[in-house]
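1. Attaching a predicted model along with its sequence, questions to come.
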Amino acid sequence: MARLPRPPRLPTRAAAAPAGSSAGRRPPRRWGLAGALLGGLLALIAQAPATWLGDALARASGERLRLDAASGTVWQGSAVPVLSGGPGSRDASALPDRLHWHLRWSGGPVLDLAQACCIEAGTRLRLGGGWDRLRLSLEPPPARAAETAPELARWPAAWLSGLGTPWNTLQAGGRLTLRSQALGLDWSRAGWQLEGVAVLGLQDLSARLSPLPRLGSYELQLAGEGPGRARLSLSTREGALQLRGDGHLGARGLRFRGEAEAAPGEEAALANLLNIIGRRQGARSVLAIG
């Protein structure tokens, strides 16, 4: 009997890769590596040391404001605020108590501040706004929110000696205070705008160069004047040393012009001090910045 021809052999599919082969494991490996890197990054951010915040502040201020002996994390920690004269300066002055901070989320980032000697507990900075606008506002403690311009902070004037010349020569005494009334700073594509008022007070000011036990009390007020512009005004509340001046903060930076003079009968006692703090023009000393 004649043999029938065999049917042609059809091509067969390639066998599927075994479950344990390297080809089957590649996608899970990649996702696992990405997850591990993301987890490590989040852990690093969550545990970022407080020293990072101190380094950033020192760079931003030209090393004039430092956070020494920092402990904790960027989000919750403490440090000792120090004023210095900048890179290479031998002058430095620290506050007596540690500054404590806590960065949290409450409808936006909120930074709570407290310092036993100097800052009212519950004082906070709040960042809000949207995609095209940001607002940074300074808020008083809830117990003082009803006050028109509550005092939020106070510092010894001697702290300023850490800034170097002329403060290390003056060796100022007394205290600095900060009051705020609805202070907020807005950023948008159009630029920045300051709203509200901040008042820096110099209470019972004294100086080593003067034989008088007190020079007086003064106020430096900062207030918004429309987009990209804020006004500074210096005035004397009372005292033998009379200070006054006006200036503006704007696109060209800070420009301030003021003058100092002795109250009637105090010219001899304040002559040496007036020679130091400004350029003499007769009985007055002229103060100029920018």
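-> Great, that's in hand.
2. what comes up buried for stretch 174-187?
-> G174, R175, L176, T177, L178, R179, S180, Q181, L183, G184, L185, D186 (16 or more other Cβ atoms under 10 Å). Placement of C-beta: from N, CA and C, glycine included.
3. What pLDDT is listed against the fifth one?
-> pLDDT, the model's per-residue confidence, is 96 for L178.
4. again, but for T123
-> On the pLDDT scale, T123 gets 95.
5. my guess is it meets E139, correct?
-> Yes. Assessed by Cβ atoms under 8 Å, T123 is found in contact with E139 at 7.2 Å.
6. Please tell me how far V197 sits from A182.
-> Between V197 and A182 the distance is 8 Å, computed by Cβ to Cβ, to the nearest Å.
7. which two in the buried residues of stretch 174-187 are spaced the farthest apart?
-> G174 and D186 (33.6 Å; Cβ to Cβ).
8. At the geometric centre of the protein, which residue do we find?
-> By Cα atoms, centre = their mean, the chain has its centre lying nearest to L57, at 7.5 Å.
9. name the element that residue belongs to?
-> Element membership for L57, per DSSP states H and E: helix 50-60.
10. Distance of R214 relative to C118?
-> Applying Cβ to Cβ to R214 and C118 gives a distance of 22 Å.
11. do the same with E261
-> Counting by Cβ to Cβ, the gap from E261 to C118 is 32 Å.
12. Settle it for me: which of these two has more neighbours?
-> Counting neighbours by other Cβ atoms under 10 Å for E261 and for C118 shows that C118 has the greater number, 22 against 19.
13. hang on, that one packs against R154?
-> Yes. The criterion here is Cβ under 8 Å, and C118 meets it with R154 at 5.9 Å.
14. The helix or strand encompassing N168 - contacts with which helices or strands?
-> In the assignment (DSSP H and E), N168 maps to helix 167-170. If you count contacts as 3 or more Cβ pairs under 8 Å, 6 or more residues apart in numbering; DSSP states H and E, helix 167-170 packs onto helix 267-277.
15. burial measure for L232, as a count.
-> 19.
16. Verify the contact between it and F256 for me.
-> Yes. Using Cβ under 8 Å, L232 is in contact with F256, at 5.9 Å.
17. what's the overlap in contacts for the two?
-> Common neighbours of L232 and F256 are listed as G245, D246, G247, H248 (criterion: Cβ atoms under 8 Å, 6 or more residues apart in numbering).
18. out of these, which are buried?
-> Using 16+ other Cβ under 10 Å, the buried ones in these are G245, G247, H248.
19. Double-check that the last one belongs to a strand.
-> In other words, H248. Yes. Under DSSP: H, G, I helix; E, B strand; the rest coil, H248 sits within a strand.
20. Report the beta-bridge partners for it.
-> Going by DSSP bridges, H248 is paired in beta bridges with R231, R255.
21. Distance of it relative to L183?
-> Taking Cβ to Cβ, one finds H248 at 17 Å from L183.
22. now the first one
-> Separation of G245 from L183 (Cβ to Cβ): 21 Å.
23. cool, and S106?
-> From S106 to L183 the distance is 19 Å (Cβ to Cβ).
24. which residues in the stretch 1-150 of the chain form strands?
-> 65-72, 76-84, 92-94, 99-105, 109-115, 119-129, 133-139 (DSSP state E, counting those that start in this stretch).
25. I'd say R229 and G247 touch.
-> No. Using Cβ under 8 Å, R229 is not in contact with G247, being 11.2 Å away.
26. contacting residues for A50?
-> So A50 contacts L67, A70, S71, G72, T73, V74, G77, S78, A79 (Cβ under 8 Å, 6+ apart).
27. That's all I had, so thanks and see you.
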